[in-house]
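okay, here's the prediction I keep looking at, along with the sequence it came from:
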Amino acid sequence: GVTGVQTCALPIWARVFRAQALYGLGRLDDVVAVLEPFEAAIDGAATLVTPRVDWTALTVRADAFMALGRWEEASACLRRALVLVGEQPAPTDTEAMRSRRIDTATTLGKIGTVEARLGDWDGARATFEAQERELAAEPDGGGVYLAAARNGLGLVADNQGDHATAARHYAEAARIYEQTFGADHPYTTRALLTLHRVQGKLGNEADASRTAERLAAVGTRVGDPLPPTLAEALAKRPRERRGWSDIRPSWPVLAAIVAAAVLAGLLLSGFLWPRRGPPDAAGEGDTVPDAETGHAGRSDA
């Protein structure tokens, strides 16, 4: 049976709508259950609906698995989802080409996040670099999608002890978020908190002080609880009723936001830093407290 949700009479494509709504409500086990038929799409034998709809289903299912800490299962969904992007009809106009790039970049960002959580730092770096390359043709350089990639690259560098490179990537992510959302937005403040932390590791007291001042100017103090994420805010907004053929337009944006929220939360909570370890794994071999996952809603990144 399905956990608290009756889905036996639902057409297969309608399950995607149901799962998105359940995800917004934070009913993660129900998301996994509703989308269980799409598990068959992972082996690559055939699509259940279309490559586009199957991609959406597997992406949502992966988000739920990530939020539940089921990282290997999330990885299987995402790797099949990446293949499904390539199986979609060839784009015939600029907007369709852009949609495919964003789908690809979003999926890569999630895969990189999973690889990082599983400790595959070299794989995560390669994946985040591929995400960045995918966005190179975007008119704005990739915007918030690029910020997610930079956060990912910063995470890898941070965990491998290259704090100067990490600071550079984190600073670029903060710049993009501030330019896009404003100085007081949760994404901007999260990015600045991450930047402040690595500046402290570097011993850059002047830089860390300036970052703390920027945070204080918008009412956030270093050490304050994590601000709510954009994904949480979006999940609370009323959803329009749409036809099933319109699954695509808004979900890639939310998916990228979720990936970035996952990554930012893990970064700030210390969840991706081992409790004890050699300098090349934890940066400085420091001990970190138990972490909250930072998943939004829950739930990029």
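Alright, I've got the coordinates. Numbering: from 1, shown residues only.

report the contact partners of His163.
Shown in contact with His163 (CB atoms under 8 Å, 6 or more residues apart in numbering): 157, 198, 201-202, 283. In short, each C-beta sits where N, CA and C put it, glycine included.

can you tell me how far it is from Gln88?
Distance, His163 to Gln88, by CB to CB, to the nearest Å: 40 Å.

repeat that for Val34.
Val34 sits 23 Å away from Gln88, going by CB to CB.

check Leu48 too.
As judged by CB to CB, Leu48 and Gln88 stand 14 Å apart.

check Glu129 too.
According to CB to CB, Glu129 stands 23 Å off from Gln88.

quick one, strands of the stretch 51-200 of the chain?
Using DSSP state E, counting those that start in this stretch, no strands are found in the stretch 51-200 of the chain.

thinking again about what came up before, looking at Val34 and Gln88, which has the bigger crowd around it?
The neighbour comparison of Val34 against Gln88 (other CB atoms under 10 Å) goes to Val34, with 30 against 17.

that one touches Arg15, doesn't it?
Yes: at 5.1 Å, Val34 counts as touching Arg15 under the criterion of CB atoms under 8 Å.

please report how far Asp29 lies from Ala105.
Relative to Ala105, Asp29 is positioned 29 Å away (CB to CB).

just give me the neighbour total for Ala41.
Using other CB under 10 Å, Ala41 is surrounded by 25 other residues.

against Ala171, how distant is it?
Distance from Ala41 to Ala171, by CB to CB: 39 Å.

model confidence for Arg168, exactly?
pLDDT, Arg168: 97.

which pLDDT value does the model give the residue nearest to it when sequence neighbours are not counted?
Spatially, and ignoring its direct neighbours in sequence, Arg168 is nearest to Gly154 (7.7 Å; CB to CB, 6 or more residues apart in numbering). Per-residue pLDDT puts Gly154 at 95.

would you map the helices across the stretch 1-150 of the chain?
With DSSP state H, counting those that start in this stretch as the criterion, the stretch 1-150 of the chain has helices at 14-24, 28-34, 51-67, 71-87, 94-117, 121-134, 143-159.

in TSV: those helices, plus distance to Leu193.
Shown next, in TSV, are the helices of the stretch 1-150 of the chain (distance: least, CB to CB, whole Å):
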stretch	distance to Leu193
helix 14-24	26
helix 28-34	26
helix 51-67	21
helix 71-87	24
helix 94-117	18
helix 121-134	20
helix 143-159	12
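
can you give me the neighbour number for Leu202?
With other CB under 10 Å as criterion, Leu202 counts 13.

same thing with Gly119?
The number of residues packed near Gly119 is 12, by other CB under 10 Å.

could you pull up phi and psi at it?
When read as degrees, to the nearest 10, the backbone of Gly119 gives phi 80, psi 10.

look up how far Phe181 lies from it.
According to CB to CB, Gly119 and Phe181 sit 31 Å apart.

check whether Thr113 really touches Asp63, as I assumed.
No: using CB under 8 Å, Thr113 is not in contact with Asp63; the gap is 10.5 Å.

grab the nearest non-local neighbour of Phe38.
Nearest one to Phe38, counting by CB to CB, 6+ apart, is Ala57 at 4.3 Å.

show the contacting residues for that neighbour.
When contacts are counted by CB under 8 Å, 6+ apart, Ala57 touches 15-16, 19, 35, 38, 41, 48-49.

just those residues: which has the poorest pLDDT?
Of all of the contacts of Ala57, Ala41 carries the lowest confidence score, 75.

for it, which non-adjacent residue is closest in space?
The shortest distance from Ala41 to any non-neighbouring residue, by CB to CB, 6+ apart, is to Asp54 (4.8 Å).

number of nearby residues for that neighbour?
26.

and it, how far from Ala81?
When distance is defined by CB to CB, Asp54 is 8 Å away from Ala81.

and if you look at Met97?
Taking CB to CB as the criterion, Met97 is separated from Ala81 by 19 Å.
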